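Trainee: turn this into a model:
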Amino acid sequence: MIALKSSGAKRVAAQMAKLMAEAALPTEGVALVPMPPDPARLRATGVDHARILAEQLSGLTGRPVLRVLERLPRGQSVRQVGASRQERQQPGRIQISGRGTVPSRCVVVDDVYTTGASLQAACSGLLLSGAQVVHCAVFARALPPGFARPMPRSW
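Mentor: Here you go, the predicted model:
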C-alpha cells in the first residue's frame, strides 16, 4: 500500500482492486466515486491513490468512475494525517464538485479507513445531492492507537 501512496504503482493498485472486488463489492448498477485527495498533497506527490484504485476496480467490474467529489484546499480544511477525530469531522471538507451528475447508486472508493470522517462527509454530500444508495469500499482499516500489540519474540 505504501507503493500506491508514494509512487502510484498500478501493479499494486491492481492487486488491491482485485482483493476488493472479491470481497463482496456491490457492482450491480453502481458508479465508483473515488475519495478526492487533498489538493496540496496531490500537487506534491502527483498521486491520486483513490482514483487509481477506482480505475482498477472499474477495469475489473465494468462500472464507471465518476469524479463528483472534491476536497477543499488545506487552508480551508484540516489535514487528515495526524488530525484528531474532532478535526477530521470539520463540516464541509468534502463537497460535490459540480463536474458531473451525482449517481443514484454509488460506491465511494478509498484506500484506508481511519476514523471514517472523510467517508461520512462524502456519503452525506452524495446523499444530500440526490444519491439514493451509497456504499463504501476501502482496502484497509487503520487500527486505533493502542490497539496493536508487539509480536511475541517467538514469531
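Trainee: and the pLDDT for the residue lying closest to Thr61 once chain neighbours are set aside?
Mentor: Among residues not flanking Thr61 along the chain, Thr27 sits closest, at 4.4 Å (Cβ to Cβ, 6 or more residues apart in numbering). Every residue, glycine included, has its C-beta placed from N, CA and C. We note a pLDDT of 74 for Thr27 in this prediction.
Trainee: what about Thr27, which SS state?
Mentor: coil (DSSP: H, G, I helix; E, B strand; the rest coil).
Trainee: burial count for it?
Mentor: For Thr27, the tally of surrounding residues (other Cβ atoms under 10 Å) stands at 17.
Trainee: could you do Arg141 as well?
Mentor: Number of residues near Arg141 (other Cβ under 10 Å) recorded here: 10.
Trainee: surely Ser102 is within a helix?
Mentor: Actually, residue 102 is Val rather than Ser. No - Val102 is assigned coil when assessed by three-state DSSP, not a helix.
Trainee: any idea how far the residue lying closest to it once chain neighbours are set aside lies from Ile96?
Mentor: Among residues not flanking Val102 along the chain, Ser129 sits closest, at 4.4 Å (Cβ to Cβ, 6+ apart). In this view, Ser129 and Ile96 are 5 Å apart by Cβ to Cβ, to the nearest Å.
Trainee: repeat that for Val138.
Mentor: With distances taken as Cβ to Cβ, Val138 is found 21 Å from Ile96.
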